[in-house]
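Mind looking at a prediction? Sequence and model below.
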Amino acid sequence: MSQVLDKVEQEMKNRLGEIDYQPLPSNRRIIRWRNAAQWQRQKMVEEGLLRSDSKRGIWEISEAGRQWLARHGSSSATSTP
């Protein structure tokens, strides 16, 4: 999970603002954008784009997720379906 979030940060650094790097009021150890990314991961699991049976901490694309990427291209990888 940390490796995925580090890669997301590299890809999104030009889009993340100061507020995105602030800690959550409910848990000062969690950075706002990382929390949002983890919720987005859950949404992609529910939509079938990521596998729900991956080991804890592993984000694994599903066959449906691969098909979505094939249709929309890698430039849309940061967009939600």
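Structure received.

From the centroid of the protein, which residue is nearest?
Most central in the chain under C-alpha atoms, centre = their mean is A37, positioned 4.1 Å from the mean C-alpha point.

just checking, that residue touches D6?
No - using C-beta atoms under 8 Å, A37 makes no contact with D6, being 10.9 Å away. Yep, even glycine has a C-beta here, placed from its N, CA and C like the rest.

just to revisit the earlier point, what distance do you get for the residue nearest to the centre of the chain to E9?
According to C-beta to C-beta, to the nearest Å, A37 and E9 sit 9 Å apart.

next one: stretch 62-77 to chain centre, how far?
From the chain centre to the centre of stretch 62-77 is a distance of 14 Å (C-alpha atoms, centre = their mean, to the nearest Å).

list the buried ones in it?
Applying a neighbour-count criterion of 16 or more other C-beta atoms under 10 Å, one finds 62, 65, 68 buried in stretch 62-77.

closest to L24 among those?
The closest of those to L24 turns out to be G65 (C-beta to C-beta; 27.4 Å).
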